[in-house]
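S.K.: Here is my input, please return the structure:
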Amino acid sequence: MKRHPLFKYSIYKYTLIGMGLIWFLLSLMGCSLFKSKEAKELEKTPESLIMEGLDAYQRKRYEKAGEAFQNLKDRFPYNSYAIVAELKLADSHFLNKEYLLAATSYKEFEKLHPANEIIPYVIFQLGQCYFKQMPTIDRDPSNTLEAVKEFERLIKNYPQSEYASQAETKLLKAKKNLAAHEFFIGEFYYHQNNYKAALVRFEGIVKEFPDSTYPSKLKHYINICKEKLK
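M.R.: Here you go, the predicted structure:
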């Protein structure tokens, strides 16, 4: 029996309609899944976010921890857990070796909570951010200088803090690095026969870093420079 062309067209039409309907339903399902995931994120409470962050932090998943702490900090800035999130966000950056981000977060914490009892720790960690980036003696010593500044600030303002003694140890190492940097430059001038510039650097080491261990050649170089400049 031969079927009428309209019959074939009807089957084709309804097939297209059916496929379109299926595609539409799948699209709706996808959107609902996406929305539900987004909604779940928005439904998280400060308590759940702080627990999520601390759990990730304990498992050393610092990036994930930082995301949870940042989320809590942004969404619930006046919640009692926010101050914990602010500090742990900085710690997460630090332990993840993101020292620039960590330094920014520690500075922000100190600015927002200058009287908080944890401030000595915050200053110590800020110094650590620069100390960890301390360069070799032939490089720009900016980070070393910042580390010295923060450790000295901690020792001066919080001498009784448990972090003061640790800061003193780090400070000596940082100053030794700076002295070595100055000696490196002075030695360069010395070998260029620029004895005046070399002497300024060498004597500056003795003046600026009296507690540092000097390179063995320092006194010898100073004497020669003075003799050459007579």
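S.K.: Flag the shaky bits of the chain, pLDDT-wise.
M.R.: Low-confidence segments of the chain, defined by pLDDT under 70, span residues 1-42, 211-213.
S.K.: so where do the helices sit in it?
M.R.: With DSSP state H, the ranges of helices along the chain come out as 5-43, 46-58, 62-75, 82-95, 99-112, 119-131, 142-157, 164-191, 195-208, 218-229.
S.K.: Same list (those) but as JSON lines, adding mean neighbour count.
M.R.: Heads up, the C-betas are built off the backbone N, CA and C, glycines and all. Conversion of the helices of the chain to JSON lines gives the following (neighbours: other Cβ atoms under 10 Å):
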{"stretch": "helix 5-43", "mean neighbour count": "10"}
{"stretch": "helix 46-58", "mean neighbour count": "17"}
{"stretch": "helix 62-75", "mean neighbour count": "20"}
{"stretch": "helix 82-95", "mean neighbour count": "22"}
{"stretch": "helix 99-112", "mean neighbour count": "18"}
{"stretch": "helix 119-131", "mean neighbour count": "23"}
{"stretch": "helix 142-157", "mean neighbour count": "19"}
{"stretch": "helix 164-191", "mean neighbour count": "19"}
{"stretch": "helix 195-208", "mean neighbour count": "17"}
{"stretch": "helix 218-229", "mean neighbour count": "14"}
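S.K.: in stretch 132-143, what counts as buried?
M.R.: Applying a neighbour-count criterion of 16 or more other Cβ atoms under 10 Å, one finds 133-134, 137, 141, 143 buried in stretch 132-143.
S.K.: which one of these is nearest Pro46?
M.R.: Here the nearest of these to Pro46, counting by Cβ to Cβ, is Gln133; it sits at 33.4 Å.
S.K.: measure the residue nearest to that closest one when sequence neighbours are not counted to Glu150 for me?
M.R.: Leaving aside its chain neighbours, Gln133 sits nearest to Asn143 (4.3 Å; criterion: Cβ to Cβ, 6 or more residues apart in numbering). When distance is defined by Cβ to Cβ, to the nearest Å, Asn143 is 11 Å away from Glu150.
S.K.: so what sits against both of those two?
M.R.: Here Asn143 and Glu150 share the contacting residues Tyr130, scored by Cβ atoms under 8 Å, 6 or more residues apart in numbering.
S.K.: on that earlier part again, so what's the residue nearest to Gln133 up against?
M.R.: 130-131, 133-135.
S.K.: For my notes, please list these in JSON lines and give distance to Lys207 for each entry.
M.R.: Shown next, in JSON lines, are these (distance: Cβ to Cβ, whole Å):
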{"residue": "Tyr130", "distance to Lys207": "23"}
{"residue": "Phe131", "distance to Lys207": "23"}
{"residue": "Gln133", "distance to Lys207": "26"}
{"residue": "Met134", "distance to Lys207": "22"}
{"residue": "Pro135", "distance to Lys207": "23"}
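S.K.: quick one on the thing from earlier: which of the buried residues of stretch 132-143 sits closest to Pro210?
M.R.: Pro141 (18.2 Å).
S.K.: tell me the contacts of the residue nearest to the closest one when sequence neighbours are not counted?
M.R.: Counting by Cβ to Cβ, 6+ apart, Pro141 lies nearest to His181, which is 5.0 Å off, once chain neighbours are set aside. His181 makes contact with 137-138, 141, 144 under the criterion Cβ under 8 Å, 6+ apart.
S.K.: Equivalent analysis for Glu152, please.
M.R.: Contacts of Glu152 were listed using Cβ under 8 Å, 6+ apart, and they are Leu171.
S.K.: same deal with the one 4 residues further on?
M.R.: With contact taken as Cβ under 8 Å, 6+ apart, Lys156 is in contact with no other residue.
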